[in-house]
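Asker: Dropping a prediction and its sequence here:
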Amino acid sequence: MKLTALRLHNVRRFAGTGVAVEGIGDGVNVLCAVNEFGKSTCFDALHALFFQPYSGTPGAVQALRPYSGGSPLVEADIATPEGAFRLTKQFYGGKRAMVRELSSGRLIAQADEAEKFIGALVQGGTTGPAGLLWVRQGITGIERRAKSEEESEKRARESVLLSVQGEVESLTGGRRMAQAVAACEEELSRLVTATRRPKAGGPYALALDERDRLAEAERKLATEVAELRAALDRRRSIRNRLDELEDRDEENARRSALAQAEKDLATAKTQGEALKTAEAQAALARSQRDAANQALSAYRRSLARLAELQALESEGTGKRDDALARQRAAAEFGRAAAAAVEA
């Protein structure tokens, strides 16, 4: 397996942004930058990609998270005898692990299957050349080791340094790496003490003092720049507003809009008065309707009473007619009886 590219996003000092190391080729590749520029962050992120599960948050993963929070993302391109692949892990929010084929972009593994794929790549894990050999800041690996393991790792590191020394000697025409190291140490001794502290009055100490002075001046100037920018923004806003007020077309448009608004207000007032009149008329109509409903109810009750009286009258007339008929019959019977007696 060969590493060909490394990309980080939202990892430590790269909060909210990213960094990419592309075009890693065969042979010795040198990652060079000033202190606190993110070199160790790249190696720690690479270690997390290969040796930390995407679903957990152990100390090695927590150390990748920026102070502002967020979800660190680490991505690496690798080349193997089976092909070229892109490995991706994101920790914390949106946690995921993926393996894609570089040539086609096809997703070939994710989640636990991606972890198994990466585990097969490193094989021997963190123990050394059987998997990945880490040589960083004087030790191999990241985890704490026993004394015996540390000694073994130091010897492994010395072997790697000897290999690097051979590369340097081949590039420098046979000059020994030790000479370069000695020259560096001599130059360094002019700048710092044995404990690596700046020498008082030395160029390094003066440079640090100058840096602090310039940083303080930069801070003050940044404050002034912010205040001036805010003042310029206010001035620009006021000037734009003044230009709007002084523009004749805008003034005519405002006057026209004001006249129309006054006209609309007068119309609204007229309509309001008409509405009040209509509401009074509606109230009167409702009162008249209620009175008419009461009169109608009384009329209907009177009709019902009339029907009852008519029924009673009809019944009385019937009874009267029956009585008269019986009276006539009795009279006839009386006359007939009297006639019979006389005979």
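Answerer: Perfect, I can see it now.
Asker: any idea how far residue 227 is from residue 220?
Answerer: Distance from residue 227 to residue 220, counting by CB to CB, to the nearest Å: 11 Å. From N, CA and C alone the C-beta is placed, and that goes for glycine too.
Asker: again with residue 269
Answerer: From residue 269 to residue 220 the distance is 61 Å (CB to CB).
Asker: again, but for residue 336
Answerer: The gap separating residue 336 from residue 220 is 151 Å, by CB to CB.
Asker: And residue 110, by the same measure?
Answerer: Counting by CB to CB - residue 110 and residue 220 are separated by 51 Å.
Asker: just for the stretch 101-250 of the chain, where's the confidence low?
Answerer: 123-178 (pLDDT under 70).
Asker: That one: strands as residue ranges?
Answerer: Counting by DSSP state E, counting those that start in this stretch, the stretch 101-250 of the chain has these strands, from start to end: 107-110.
Asker: mind listing the helices for it?
Answerer: 112-122, 147-171, 177-189, 203-246, 248-342 (DSSP state H, counting those that start in this stretch).
Asker: closest to residue 47 out of these?
Answerer: Proximity to residue 47, assessed across the helices of the stretch 101-250 of the chain by CB to CB, is greatest for helix 112-122 (10.4 Å).
Asker: And that closest one, what's buried?
Answerer: Of the residues in helix 112-122, 114-115, 117-118, 121 count as buried by neighbour count, 16 or more other CB atoms under 10 Å.
Asker: Quick check: of the residues you listed, which lies closest to residue 316?
Answerer: Closest to residue 316, out of all of those and judged by CB to CB, is residue 114, at 110.6 Å.
Asker: what residues are up against the closest one?
Answerer: 54, 87, 97-99 (CB atoms under 8 Å, 6 or more residues apart in numbering).
Asker: Max pairwise distance over the residues you listed: which two?
Answerer: Maximum pairwise distance among the contacts of residue 114 (CB to CB): 11.7 Å, between 54 and 99.
Asker: which residues are common contacts for residue 227 and residue 220?
Answerer: Listed contacts common to residue 227 and residue 220 are nil; contacts here mean CB under 8 Å, 6+ apart.
Asker: that older thread, reformat the contacts of residue 114 as CSV; add secondary structure and neighbour count.
Answerer: Listed next are these as CSV, based on DSSP: H, G, I helix; E, B strand; the rest coil; neighbours: other CB atoms under 10 Å:
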residue, secondary structure, neighbour count
54, coil, 23
87, strand, 21
97, strand, 23
98, strand, 19
99, strand, 21
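Asker: Which helix or strand contains the closest residue in space to residue 106 that isn't next to it in sequence?
Answerer: The shortest distance from residue 106 to any non-neighbouring residue, by CB to CB, 6 or more residues apart in numbering, is to residue 100 (6.5 Å). Applying DSSP states H and E as the criterion places residue 100 in strand 96-101.
Asker: I would like the residues contacting stretch 198-208, please.
Answerer: By CB under 8 Å, 6+ apart, the residues outside stretch 198-208 that reach it are 190-193.
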